[in-house]
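*Asks:* Dropping the sequence and predicted coords here.
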Amino acid sequence: MVAVLVASIAAFLGHDSATATSFNPTSSVSLANSAPGANSDFTVNFGIGLGPNGKYGGDPGVPNDDTPDSMFSAVLAFTPAEFATADPASVPIGALAAKLTSTATLGLVNNACSTPLPVSFDMIAASTDINDILPNAYGINAGRNPGAADDQFDAVDGLPLGVKKYPDYLARILVDSNGTTLKPRARLYGQTLVSGTDVSLNFAQFDPGTNIKDTQLDPALGVPSVTVLQNVTDPGALMSPNPITDFCTPLITSTNVFALSKDNPNTAANEGGAPLTVNPASDGTFNFVLFAASMRDADEDGIENFLDTCPLDGNPDNFDPRNPDSPGDDDLFVGVSSPDGIPNVCDPTPNANLPVSDADQDFYANRGDNCPTVANGISPGPFATEMNKPLIEDAEKNRQFLSRIPMGRWGKPEEIGGLARYICSDGASFMTGTDILMDGGWTAQ
């Protein structure tokens, strides 16, 4: 009998100093068929903020023991090398390879992050051709919209373009220590509608020992798979307003990886029957290792930046973004409590007698806006990002281009972060409605 043991879950808090934010992910793996050498489905369960009983919301009649843990920013799972994984060439693009079901906690349309919502993804075998890039895969207007098929959610011949081509944001996220795009050995793509919004999920699998960004993975851990939700961590991401204003814990997911691929009913071909996983040839106990990192918490108040409407101001009034009746947000409307989602600590009108869900009128609801009282924008110029890499690596073209930038160099992505931090700070409290050029003098010539 093949026994499965998840003996190691490494959880990393996503900041450089001590913090009150908790982050305690849990995981387990089980086999449908434990016979050596068998083609077997296996199921991976993952949860954050589930409390001691390990259940979303607890048991009926028992007080809820869920905990306000930070949401994940990265998840990296390893399949032991003893489990044979499919030759990607033998699995047709478009084949159904796994199914993920989950219960997520969301904040919708400027309400507290307290709405549990069942979400599922059919994970489809997808292209790994990094030379066949889908540009603007997750652009500002991405979604299954009328008109030409031009982003990852649009389907051609029954398959989303996110399956048929390699999304450009993955080419920027999944890179080695030199910033060079990595080619996955296999990729699964899924998409679904969440509260009317298209949401994507990628599992990108690499060879053991791959160097991902600045991390050299230990080949002894097995085959690594990186989870990419939407285009989170994409340095070239273009933001746009969204009815999902928050995504928080508790979260529970269950991913069933199929032993054999299944036919995709949306295509004319039959993609079923390709072997995907094979148990080790002999009995034993095997470790499935999972690494997870939390979101960051700049002001160390126990609320991660992604969820914190005042990410730099602390939380002296015990504001709880998961509680619609939380203290610390005391706005009124005709004398009745009407929280606007901006805690008192950074709300310039904490007792305003009017309902305002978008205080700075920038089309981002307060709870989905880390600078909810400052309608300022940043217009970046030439920055050293993955998008500009071909130009940077061409010595002659790079020389000619730099000669046209008064400062004589490419901008650094972290310089945009510094400006964004200033815009959200008290130092910019008398600045609003401004679009700030950050282009090394390009437009001032």
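*Replies:* Great, that's in hand.
*Asks:* Might you list the low-confidence residue ranges for the stretch 251-400 of the chain?
*Replies:* Residue ranges of the stretch 251-400 of the chain with pLDDT under 70: 353-355, 376-379, 385-387.
*Asks:* Just the helices from it, written as ranges.
*Replies:* Applying DSSP state H, counting those that start in this stretch to the stretch 251-400 of the chain gives helices spanning 389-393, 395-402.
*Asks:* which helices and strands does the longest one pack with?
*Replies:* If I follow you right, that is helix 395-402. When contacts are defined as 3 or more CB pairs under 8 Å, 6 or more residues apart in numbering; DSSP states H and E, helix 395-402 packs onto helix 389-393. For every residue, glycine as well, the C-beta is placed using N, CA and C.
*Asks:* Need the contact partners of the helix it packs on.
*Replies:* Here helix 389-393 makes contact (CB atoms under 8 Å, 6 or more residues apart in numbering) with 179, 384, 397-398, 401, 410.
*Asks:* Now do the buried residues in that helix.
*Replies:* Of the residues in helix 389-393, those with enough neighbours to count as buried (16 or more other CB atoms under 10 Å) are 389, 392.
*Asks:* can you check stretch 291-306 too?
*Replies:* So, applying 16+ other CB under 10 Å, buried residues of stretch 291-306: 291-299, 301-306.
*Asks:* What values do phi and psi take at the closest residue to Glu415 other than its chain neighbours?
*Replies:* Leaving aside its sequence neighbours, Glu415 sits nearest to Met438 (CB to CB, 6 or more residues apart in numbering; 7.0 Å). Here is the backbone geometry of Met438 (degrees, to the nearest 10): phi -140, psi 80.
*Asks:* So what's the residue count around Met438?
*Replies:* 15 (other CB atoms under 10 Å).
*Asks:* what is the closest residue to Ser70 other than its chain neighbours paired to in the beta sheet?
*Replies:* Sequence neighbours aside, Ser294 is the residue nearest to Ser70 in space, at 3.9 Å (criterion: CB to CB, 6+ apart). Beta-bridge pairing for Ser294 (DSSP bridges): Phe72.
*Asks:* Same question for Ser27.
*Replies:* Beta-bridge pairing for Ser27 (DSSP bridges): Phe46.
*Asks:* residue boundaries of the strands in the stretch 1-150 of the chain?
*Replies:* Secondary structure of the stretch 1-150 of the chain, counting by DSSP state E, counting those that start in this stretch: strands at 2-5, 9-12, 26-31, 42-48, 72-79, 84-85, 96-108, 115-125, 133-134.
*Asks:* got TSV for those, with mean pLDDT, mean neighbour count and distance to Ala375 too?
*Replies:* Listed next are the strands of the stretch 1-150 of the chain as TSV, based on pLDDT from 0 to 100; neighbours: other CB atoms under 10 Å; distance: least, CB to CB, whole Å:
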stretch	mean pLDDT	mean neighbour count	distance to Ala375
strand 2-5	58	16	52
strand 9-12	56	14	35
strand 26-31	93	18	41
strand 42-48	94	21	33
strand 72-79	92	21	27
strand 84-85	82	18	49
strand 96-108	96	21	21
strand 115-125	96	17	27
strand 133-134	94	20	32
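*Asks:* How much space separates Pro184 from Ser114?
*Replies:* Counting by CB to CB, to the nearest Å, the separation of Pro184 from Ser114 is 36 Å.
*Asks:* Please say which of the two ends up with more neighbours.
*Replies:* The residue with more neighbours, out of Pro184 and Ser114, is Pro184; 24 against 17, by other CB under 10 Å.
*Asks:* List the contacts of the more buried one.
*Replies:* Contacts for Pro184 (CB under 8 Å, 6+ apart) come out as 128, 174, 204-206.
*Asks:* quick one: which of those residues sit in strands?
*Replies:* 204-205 (DSSP state E).
*Asks:* I'd like to know which of the contacts of Pro184 is nearest to Ala359.
*Replies:* Using CB to CB, Leu174 is the member of the contacts of Pro184 that lies nearest Ala359, at 36.8 Å.
*Asks:* What sits closest to that closest one if chain neighbours are left out?
*Replies:* Leu182 (4.9 Å).
*Asks:* Tell me, what's the model's pLDDT at that neighbour?
*Replies:* Looking at Leu182, its pLDDT is 97.
*Asks:* One more: the one 5 residues further on?
*Replies:* With respect to pLDDT, Arg187 has a value of 97.
*Asks:* Go ahead and confirm it touches Ser200.
*Replies:* No. Using CB atoms under 8 Å, Arg187 makes no contact with Ser200, being 12.0 Å away.
*Asks:* For Leu276, which non-adjacent residue is spatially closest?
*Replies:* Ala86 (4.7 Å).
*Asks:* what sits against that neighbour?
*Replies:* Going by CB under 8 Å, 6+ apart, Ala86 touches 186, 274-277.
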